[in-house]
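> Have a look; sequence and predicted model below, questions after that.
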Amino acid sequence: MNSSLLRDRWFAALLIAWAGLAAASIGLRPLWPVDETRYVSVAWEMWLRGDFLVPHINGEPYSHKPPLLFWLIHLGWAVFGVNDWWPRLVAPLCALGTLLLQHRLAQQLWPGEPRVAQFAGWVLSGTLLFAAMVTLTMFDLLLAVSALVGMIGIVLAAREGRRAGWLWLGAGIGLGVLAKGPVILLHLLPVAVVAPWWSSRARSAPGRWYLGVLGALLLGAALALLWAIPAGYFGGETYRRAIFWGQTAGRVAESFAHRAPWWYYAPLLPALLFPWLVWPALWRGLRAARPEFAEGGRFVAAWLVLTVLGFSLVSGKQAKYLVPMLPAFALVAGFALSRLTDRPRVWEILLPAGGFLALPAGLLYARTHPAALDLPQWTSGLPVWPIAVAALAPLVLLAFARRAILVQTRALAFGTLGALVVILAGIIPAIAPYADPGPTAEHIAALQREGTPLAHLGKYHAQYNFAGRLREPIEILDGPELPEWVRAHPRGQVITIERQRHADGEAGPVYQAHFRGAWVQIWRGQALVSARGQASR
């Protein structure tokens, strides 16, 4: 970062604060079931097997995600040994990489205008969806890094006609496929396809442009196939079919697990892009910037609009799917805010300041009406002080009402960070024990060391495998399979998830603990068969 953003001591302070938050998160919360625990368990099983080609989960090939995140976890374990903290640092490092790559892209798009890159950095780091993902061990920030690599390549090819641009784009496609599958194409290809609209070079020679896009696509495919072909060979026919079909057309067209209507993202955008989308200064800046919205502005507008539109048309939808498009929004917002030269309007900060009241209001309502929100009863015991502290945020922000736009932008970004700090320090420690698989995993690990056969009744997401450093898979049973398994394993014990705690007694489970609003129970096999037989009478 060789511009005003690097010289901005407040931005350096924000990055240090984010680093502190990421470090504190390791000590204040466990890996969350079921996603984080599943992904780290896959990495653990690959490490345990010494198989870095075919991901496995609970003894079976895992075809739902490619291996790049797991390889990054292995890289840290190779240096520091197997530990809990390194997998938790991958996402913050990807977030930092996203900021650095966005900064480079802003300099390419608007050379000689360091204020655009400066504002864009503040906007991205203060966007609620980006902030919420910084400490989560998931794939989306890694995909954002891949998307930015590809976008830098597109701009290099469009602005300078350099072959290096196509290499960057091919690398972005290849990394994106290895990070999360062909979904990277939904982020990169639409912008490249409409390049004649925003790029004079692509418009003047469209045939040459699309030939370059095709070459980059083939390069990206070749990079991904360097893993996929041997993985498909050694993973077997079912795994091979899954990664070559399930991760492509079948994954996009049939992602029914998170199916939602086409308009799903529209009402979420004000929250996902909070506080910026409700800040009138941004909209005023967009109006001021419209006459100057030339090639660079058209590029980021195409990126932003086409990404949201494309994911709106795909059946499966989750808020986190939009993470890789956040740099596009930040660049648009950064360009718009850099165009504001008049004095700030005092009232403009009222809306985002009021928006921060949603946090204490939501916490207070959850504490006093847990049943109305279908929350566990222990929610009523949440501490009060985070609610009081969060309620002060709007008053702090109002103190900046007469300050310059850049100062207000900094204040709003720090406000987002402050909200995350309140949640992490005040709320997470209160709920973490109810979502921590660690104690149960340790109990299961002890049973495995004793040679006790273990099975899990119903769907199992490997939430105990890494937490307990399990060395053997846990057998998964459907209800009808239980009696036969118990007859074959008279010393066996069975793990279940139940809505209610079982009464203490000899006929009950030998272990039970809170788990995500329910109870995890471990039964001696015959006792569970008897209990279920009595319940069915």
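Perfect, I can see it now.
> For the residue nearest to P344 when sequence neighbours are not counted, grab the count of nearby residues.
Spatially, and ignoring its direct neighbours in sequence, P344 is nearest to I405 (5.6 Å; CB to CB, 6 or more residues apart in numbering). In this view, the C-beta of every residue, glycine as well, is placed from N, C-alpha and C. Around I405 there are 22 other residues, counting by other CB atoms under 10 Å.
> Isn't I405 up against W279?
No - using CB atoms under 8 Å, I405 is not in contact with W279, being 10.0 Å away.
> Distance of P30 relative to V42?
Distance, P30 to V42, by CB to CB, to the nearest Å: 17 Å.
> Next: E113.
Counting by CB to CB, the gap from E113 to V42 is 44 Å.
> Over to G112?
46 Å.
> Distance check, the closest residue to L268 other than its chain neighbours against F130.
Once flanking residues are discounted, L268 sits nearest to A319: 5.9 Å by CB to CB, 6+ apart. Counting by CB to CB, the separation of A319 from F130 is 11 Å.
> Those two: which is more packed in?
Between A319 and F130, counted using other CB under 10 Å, the more crowded position is F130 (25 against 17).
> Now do the contacts for that one.
Counting by CB atoms under 8 Å, 6 or more residues apart in numbering, F130 makes contact with 95, 98, 124, 323, 326.
> swap in A391?
Residues in contact with A391 (CB under 8 Å, 6+ apart) are 357, 360.
> Return, as residue ranges, the portions of this protein with sub-threshold pLDDT.
Within the chain, the stretches with pLDDT under 70 are 1-6, 246-258, 506, 534-537.
> domain ranges for it?
Here the domain parsing of the chain from automatic domain parsing is 4-16+31-338, 346-434, 438-535.
> Need the winner for burial among these.
Sort those by mean neighbour count, taking mean count of other CB atoms under 10 Å, and domain 4-16+31-338 sits at the top with a mean of 19.
> residue ranges for the strands of the stretch 51-200 of the chain, please.
Secondary structure of the stretch 51-200 of the chain by DSSP state E, counting those that start in this stretch: the strands cover 56-57, 60-61.
> Spit out the contact partners of E472.
59, 448 are the contacts of E472 under CB under 8 Å, 6+ apart.
> at 7 Å what do you get?
Applying CB atoms under 7 Å, 6 or more residues apart in numbering to E472 gives the contacts Q448.
> what about it, is that helix, strand or coil?
Three-state call for E472 (DSSP: H, G, I helix; E, B strand; the rest coil): coil.
> where's it relative to F52, distance?
According to CB to CB, E472 and F52 sit 20 Å apart.
> again with V177
Distance of V177 to F52, given as CB to CB: 17 Å.
> R469 is in contact with A445, isn't it?
Yes - with contact defined as CB atoms under 7 Å, R469 reaches A445; the gap is 6.4 Å.
> can you pull out the strands in the stretch 351-500 of the chain?
454-457, 475-477, 493-498.
> Quick one: closest of those to A390.
Smallest distance to A390 across the strands of the stretch 351-500 of the chain (CB to CB): 32.7 Å, for strand 493-498.
> So what are the sheet partners of the closest one and their directions?
strand 454-457 (parallel), strand 518-524 (antiparallel) (DSSP bridges).
> Can you lay out the ones you listed as JSON lines showing distance to V346?
Formatted as JSON lines, these follow (distance: least, CB to CB, whole Å):
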{"stretch": "strand 454-457", "distance to V346": "59"}
{"stretch": "strand 518-524", "distance to V346": "50"}
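> So which residues of the stretch 251-400 of the chain form helices?
269-272, 280-289, 295-313, 326-338, 350-355, 358-368, 385-391, 393-398 (DSSP state H, counting those that start in this stretch).
> Reformat these as a markdown table; add distance to Y434.
Output for the helices of the stretch 251-400 of the chain, formatted as a markdown table (distance: least, CB to CB, whole Å):
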| stretch | distance to Y434 |
| --- | --- |
| helix 269-272 | 25 |
| helix 280-289 | 39 |
| helix 295-313 | 32 |
| helix 326-338 | 31 |
| helix 350-355 | 29 |
| helix 358-368 | 14 |
| helix 385-391 | 17 |
| helix 393-398 | 27 |
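> for those helices, which one sits closest to A216?
helix 295-313 (16.2 Å).
> Not counting its own residues, what contacts the closest one?
With contact meaning CB under 7 Å, 6+ apart, helix 295-313 is reached by 109-110, 151, 155, 186-187, 190-191, 194, 197-199, 262, 264-265, 317, 321-322, 325, 328-329, 331-332, 335.
> one more time with 8 Å
Contact with helix 295-313 is made by 109-110, 151, 154-155, 158, 186-187, 190-191, 194, 197-200, 262-266, 269, 289, 293, 317, 321-322, 324-325, 328-329, 331-332, 335, as judged by CB under 8 Å, 6+ apart.
> Now do that helix against helix 280-289: the angle between them, please.
130 degrees (axes from the mean of the first three to the mean of the last three CA atoms, to 10 degrees).
> can you tell me how far F119 sits from D8?
Distance, F119 to D8, using CB to CB: 11 Å.
> What's the first helix or strand after whichever helix in the chain runs longest?
Longest among the helix segments of the chain by residue count, using DSSP state H, is helix 206-235. As assigned by DSSP states H and E, the chain's next helix or strand after helix 206-235 is helix 237-241.
> which one of the helices of the stretch 251-400 of the chain lies closest to T135?
helix 326-338 (15.9 Å).
> Can you check what angle separates that closest one from helix 295-313?
Helix 326-338 and helix 295-313 are oriented at 140 degrees to each other (the same axes, to 10 degrees).
> Determine the set of other helices and strands touching helix 326-338.
helix 85-109, helix 114-125, helix 140-160, helix 280-289, helix 295-313, helix 405-422 (3 or more CB pairs under 8 Å, 6 or more residues apart in numbering; DSSP states H and E).
> Just the C-alphas of that helix, formatted as PDB.
Output of helix 326-338 as PDB, limited to C-alpha atoms (Å, rounded to 0.1, in the frame of the first residue of the first chain):
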ATOM      1  CA  LEU A 326     -17.900  -6.700  -1.500                       C
ATOM      2  CA  PRO A 327     -14.800  -5.200  -3.000                       C
ATOM      3  CA  ALA A 328     -16.900  -4.000  -6.000                       C
ATOM      4  CA  PHE A 329     -19.300  -2.300  -3.600                       C
ATOM      5  CA  ALA A 330     -16.400  -0.800  -1.700                       C
ATOM      6  CA  LEU A 331     -14.800   0.600  -4.900                       C
ATOM      7  CA  VAL A 332     -18.100   2.100  -6.000                       C
ATOM      8  CA  ALA A 333     -18.600   3.700  -2.600                       C
ATOM      9  CA  GLY A 334     -14.900   4.800  -2.400                       C
ATOM     10  CA  PHE A 335     -15.200   6.500  -5.800                       C
ATOM     11  CA  ALA A 336     -18.500   8.200  -4.800                       C
ATOM     12  CA  LEU A 337     -17.300   9.400  -1.300                       C
ATOM     13  CA  SER A 338     -14.000  10.700  -2.800                       C
END
